[in-house]
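[1] Return atomic coordinates for the entry below.
(one chain, ligands or ions: 2)
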Amino acid sequence: MSKLLEVKNVVKKFNTGGLFSNKKLTAVNDVSFTLDKNKPEIFTIIGESGSGKTTLARMILGLESTTQGEILHEGKLVDGKANRSTRMKFMQSVQPVFQNPFEAFNPLKKIDQYLVSTTRELLQIEDDDEVKTIIDENLQKVGLSHTEIMGRYPHELSGGQLQRTAIARALICNPSLLVADEPVSMVDASLKMSIVNLLQSLRDDFGVNVIYITHDLATAYYISDRIIIMQKGLVVEMGPARPILDDPKHPYSQLLKASVLSIADAGNGQLQPATDLIEIVNRNEGQIGKMQTYEGSRHVREYS
Ligand SMILES: Nc1ncnc2c1ncn2[C@@H]1O[C@H](COP(=O)(O)OP(=O)(O)OP(=O)(O)O)[C@@H](O)[C@H]1O
Ligand SMILES: [Mg+2]
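    Ligands and ions are numbered 1, 2, ... in the order given. Alright, predicted model coming up:
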């Protein structure tokens, strides 16, 4: 296995309660997984709001430090203290895609200018024709053409077009890993599948590993190879996606699935309020339970 990314027992605690308070909130609690460079996959992180998905993504992107544990990218520690050349290599190899494409672009800057400056700065290419060729190639990968975005400002594109442009921008660096934090949640339902299919094609046609963060179990089921299900910072279930989503073992995963199904049933007046179905996990430090291995390399956390 050629390790692309190793997340090892990562913990993130935030100070809460003001300047003089010692109160801490554990946003991410003992999360571990590894991605293989030679076996690109869509690795999905699912969990309710506040379960720590974005915090985990930000640590992987080097935007947030870890409190405990470590994250290695191609064997090198991901942190703010890396030297410039390691940092540049990391920034090319690991690219983010965020939830709101309108926030990813400067509203006052034309989109093609943005792509040109990304190509120049990150790839250090000066030649105009070469820059244009690279931009064209990457727009093509996401199903857009230069004429569609030429001379236009971000607000002149649809959310779906802009999200695809954001992905094209990320692809310019030829990344080996895309960290996509809810990339479809602000995109029209009709365009959702085009983004989801695009993530799949990045894996299959271009060998990119994708960390896909979502609330959306349906798209997760459709494209994921492996998933982790997070609850209050903890991974409660991890393994191959379809068996887990078909037959969740942990009560929280079962609840998550049931709440989706019940939303689908809402039109029939069968909406089940999800919250009173399971007990809240005991989050006292040192009492985080153990992971039990099931068939098919599935891990389920059990609580003492
Ligand atoms: N900078 C911060 N300072 C203090 N607390 C934070 C900070 N960032 C996140 N948190 C807290 O950490 C927990 C996890 O937040 P996070 O944004 O990672 O959740 P999430 O799973 O991405 O949720 P959502 O689905 O709503 O995006 C939350 O309780 C949040 O309030
Ligand atoms: Mg989030």
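
[2] Do me a favour and get the end-to-end distance for stretch 54-67?
    Between the opening and closing residues of stretch 54-67 lies a distance of 15 Å (CA to CA, to the nearest Å).

[3] Return the mean pLDDT over that stretch, rounded to an integer.
    Per-residue confidence for stretch 54-67 averages out to 95 on the pLDDT scale.

[4] which stretches of the stretch 151-300 of the chain form strands?
    Chain-ordered strands for the stretch 151-300 of the chain, with DSSP state E, counting those that start in this stretch as the definition, fall at 177-181, 209-214, 226-231, 234-240, 290-294, 298-302.

[5] how about Asn29, secondary structure?
    Secondary structure, DSSP: H, G, I helix; E, B strand; the rest coil: Asn29 is strand.

[6] just use 6 as the starting number from now, easier for me
    Okay, using 6 as the starting number, the last item reads as Asn34.

[7] Which pLDDT value goes with it?
    Looking at Asn34, the pLDDT reads 95.

[8] Surely Glu153 touches Gly165?
    No: using CB atoms under 8 Å, Glu153 is not in contact with Gly165; the gap is 11.8 Å. Every C-beta, even on glycine, is put in place using the N, C-alpha and C of the backbone.

[9] ok, Phe107 - how many residues close by?
    The tally of other residues near Phe107 (other CB atoms under 10 Å) stands at 15.

[10] Now name the helix or strand holding Ala62.
    Here Ala62 sits within helix 58-65, counting by DSSP states H and E.

[11] Give me the contacts around the biggest helix by length in the chain.
    Under DSSP state H, the helix in the chain containing the largest number of residues is helix 194-211. Under the criterion CB atoms under 8 Å, 6 or more residues apart in numbering, residues 45-47, 146-148, 163-165, 168-169, 172, 176, 183, 185, 188-189, 192, 213-215, 217, 224, 227-228 lie in contact with helix 194-211.

[12] from those, which ones fall inside helices?
    Among the contacts of helix 194-211, DSSP H puts 146, 164-165, 168-169, 172, 176, 224, 227-228 in helices.

[13] buried subset of the residues you listed?
    Members of these that pass the buried threshold by neighbour count (16 or more other CB atoms under 10 Å) are listed as 146, 164-165, 168-169, 172, 176, 224, 228.

[14] tell me the contacts of the residue of the stretch 206-309 of the chain found nearest ligand 1?
    With CB to the nearest ligand atom, the shortest gap between the stretch 206-309 of the chain and ligand 1 falls at His220, namely 6.2 Å. When contacts are counted by CB under 8 Å, 6+ apart, His220 is found next to 51, 53-54, 187, 190.

[15] Those residues of the stretch 206-309 of the chain touching ligand 1, which are they?
    Of all the residues in the stretch 206-309 of the chain, not one is in contact range of ligand 1 (CB under 6 Å from any ligand atom).
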